[in-house]
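J.: Next comes the sequence, and after it the predicted model I'd like to discuss.
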Amino acid sequence: MNNKLKVFTFVLALISLLIAAACATKPAAPVSYTSGRVVDYFTNKPIGGAIVTMNSQVVTTDEKGMFVFKTTGAKIAVRAYGYLRAEQVIPTPLVASRPEIKLVPFTPKALYLTVYGIGSKKLRDAALKLIEDTELNALVIDIKGDRGFIPFKSSVPLASEIGAQKITTVKDMKGLMKSLRDRGIYTIGRIVVFKDNPLAIAKPELAIYKDGRIWQDRETLAWVDPFKTKVWDYNIDIAVEAAQYGFDEIQFDYVRFPDTGGLKFSQESTEERRVKAICGFLAEAKRRLAPYNVFLNADIFGYVSWNQNDTKIGQKIEDLAATLEYMSPMLYPSGFQYGIPRYRNPVAHPYEIVFLTLNRAQERVNLPSVRFRPWLQAFRDYAFDRRHFTGKEIRDQINAAEKFGSDGWMLWNPHNIYSSDGLKKHGHKDAKP
């Protein structure tokens, strides 16, 4: 073979190799993404730290209100502290989209209704009338109450199996939620977690024990073991169902260990393990609730804001703050049996109890005041001098919460009997819609 033919053969082989390599390499797929901006509805100012959900993925906005997903979807859901949540449909999900989503500022001011209260036309109508006439604009509704009952027909199989459906006070939950939305009422679903008599009795392997028997509290109600993930799953299933009904917020109560010694759990009850169990449950709830664009809240013992330990119940405020979106310390003066520094008679100083405790909590977790929404006392004192909490005491507590800058407040009365005393009426110069 002459030299020219050798060169020609070599070049031909090289070209063949290059063509083969080019054919084997697939062109890079175009990167699809969705970016956008979240702003205040009235001021058009960017909202940093907003929580944005798409296709079960969650991101937060930067200081310019911007967010980016490295994918596309048909809908974006957004929520931010101090605002109503919102959703926006993306009409062309296959094309990169840059929507601007406007959030409306909102400060919940709520009443609480039990399983029986929400089902009673008399009590429910009285609460709705107060909302219509005063600054109130929100309801906390039992989704699973103190006795473990769920007020509506639940699709969670375990609820029927253990007897949590023996009493259903709300026949049409979907219709009820629509009527509340139509009134512009912010809805908070309260779920009592580890105090659960039906679950403990039906599933004794999940119960807390003492001296070889299922332990009962002062109300002769049994609790379940916070270490048990089956207990976690049951309560989170109920929370997901509530989110699907359209609740704006899920609020876990009794998300703690009992404040009683000598109890037997499935693990040794050390402070580290207790805190890990409570925060583990909340973290799993947050993960499961992520697709529903619902706020996550929990009720916290009042003294947790002051105590450096976990108050022997698994609640340590620094750890809770890392998981929760809102925190609701229970600041009933009657519940502060030892008072607080400089105020040993708490029922005589409702303003100071609320204001100083909120400030103490904020100092420890270094979060903005809008991340707190306290429970306030709207019932007669039971621990000190049996005084009635009327308009003055209620207004003092509200003023303290508002001075602090909390994201609203909630009034607690276990009998669901409230009055307009201490509340601003619509038309008052300081009242806000």
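T.: Yep, it's here. Just so it is clear, the structure is predicted and the values come from calculations on it, not from any experiment.
J.: which ones are touching the residue nearest the centre of the chain?
T.: What sits nearest the mean C-alpha location of the chain, by C-alpha atoms, centre = their mean, is Leu296, with 1.9 Å. By C-beta atoms under 8 Å, 6 or more residues apart in numbering, the residues touching Leu296 are 249-250, 282, 285-286, 289, 323-326. No exception for glycine: its C-beta is placed from N, CA and C like everyone else's.
J.: ok, and the most crowded of those residues?
T.: Counting by other C-beta atoms under 10 Å, Ile250 has the largest number of neighbours within these, with 27 neighbours.
J.: can you tell me which two in the contacts of Leu296 are farthest apart?
T.: Spatially, the most separated pair among the contacts of Leu296 is Glu249 and Thr323, at 15.0 Å (C-beta to C-beta).
J.: thinking again about what came up before, next, format the contacts of Leu296 as JSON lines and append distance to Ala239.
T.: Formatted as JSON lines, the contacts of Leu296 follow (distance: C-beta to C-beta, whole Å):
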{"residue": "Glu249", "distance to Ala239": "10"}
{"residue": "Ile250", "distance to Ala239": "5"}
{"residue": "Leu282", "distance to Ala239": "11"}
{"residue": "Ala285", "distance to Ala239": "6"}
{"residue": "Lys286", "distance to Ala239": "10"}
{"residue": "Leu289", "distance to Ala239": "6"}
{"residue": "Thr323", "distance to Ala239": "14"}
{"residue": "Leu324", "distance to Ala239": "13"}
{"residue": "Glu325", "distance to Ala239": "13"}
{"residue": "Tyr326", "distance to Ala239": "14"}
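J.: Specify the local secondary structure of the residue nearest to the centre of the chain.
T.: Following DSSP: H, G, I helix; E, B strand; the rest coil, the label given to Leu296 is strand.
J.: Which parts of the stretch 1-150 of the chain are strands?
T.: 34-40, 51-54, 57-60, 66-69, 75-79, 86-89, 100-103, 109-113, 138-144 (DSSP state E, counting those that start in this stretch).
J.: give me the number of residues near the residue nearest to Glu100 when sequence neighbours are not counted?
T.: Using C-beta to C-beta, 6 or more residues apart in numbering and skipping the chain neighbours, the partner closest in space to Glu100 is Arg37 (4.9 Å). Neighbours of Arg37 under the rule other C-beta under 10 Å: 19.
J.: Does Arg37 touch Lys102 like I think?
T.: No - judged on C-beta atoms under 8 Å, Arg37 makes no contact with Lys102 at a distance of 9.6 Å.
J.: any idea what sits nearest Leu376, other than its immediate chain neighbours?
T.: The spatially closest residue to Leu376, leaving aside those adjacent along the chain, is Gln397, at 4.2 Å (C-beta to C-beta, 6+ apart).
J.: can I assume that neighbour is in contact with Phe355?
T.: No - using C-beta under 8 Å, Gln397 is not in contact with Phe355, being 9.0 Å away.
J.: quick one: which of the two has more around it?
T.: Gln397 (27 against 21).
J.: I'd assumed that one was in a helix, is it?
T.: Yes - with three-state DSSP as the criterion, Gln397 is part of a helix.
J.: need the contact list for it.
T.: 331, 350-351, 353-354, 376-377, 409.
J.: mind listing what Leu206 touches?
T.: Residues counted as contacts of Leu206 (C-beta under 8 Å, 6+ apart) are 199-200, 224-225, 228, 230-231.
J.: Apply 6 Å and report the result again.
T.: By C-beta atoms under 6 Å, 6 or more residues apart in numbering, the residues touching Leu206 are 224-225, 228, 231.
J.: likewise Asn297?
T.: Asn297 touches 249, 251, 326, 328, counting by C-beta under 6 Å, 6+ apart.
J.: between those residues, which is nearest Val370?
T.: Nearest to Val370 out of the contacts of Asn297 is Tyr326 (C-beta to C-beta; 8.7 Å).
J.: what ranges do the helices span in the stretch 1-150 of the chain?
T.: 3-24, 115-119, 121-133 (DSSP state H, counting those that start in this stretch).
J.: Select from those helices the stretch with the lowest mean pLDDT.
T.: With a mean of 54, helix 3-24 has the lowest mean pLDDT of the helices of the stretch 1-150 of the chain.
J.: what about Gly175, neighbour count?
T.: Using other C-beta under 10 Å, Gly175 has 10 neighbouring residues.
J.: For it, give its distance to Ile131.
T.: Between Gly175 and Ile131 the computed distance is 18 Å (C-beta to C-beta, to the nearest Å).
J.: of the contacts of Leu206, buried ones?
T.: 224-225, 228, 231 (16 or more other C-beta atoms under 10 Å).
J.: circling back: which ones among the contacts of Leu206 are found in helices?
T.: Judged by DSSP state H, the contacts of Leu206 include Val231 as members of helices.
J.: nearest to Tyr382, of the contacts of Leu206?
T.: Val224 (26.5 Å).
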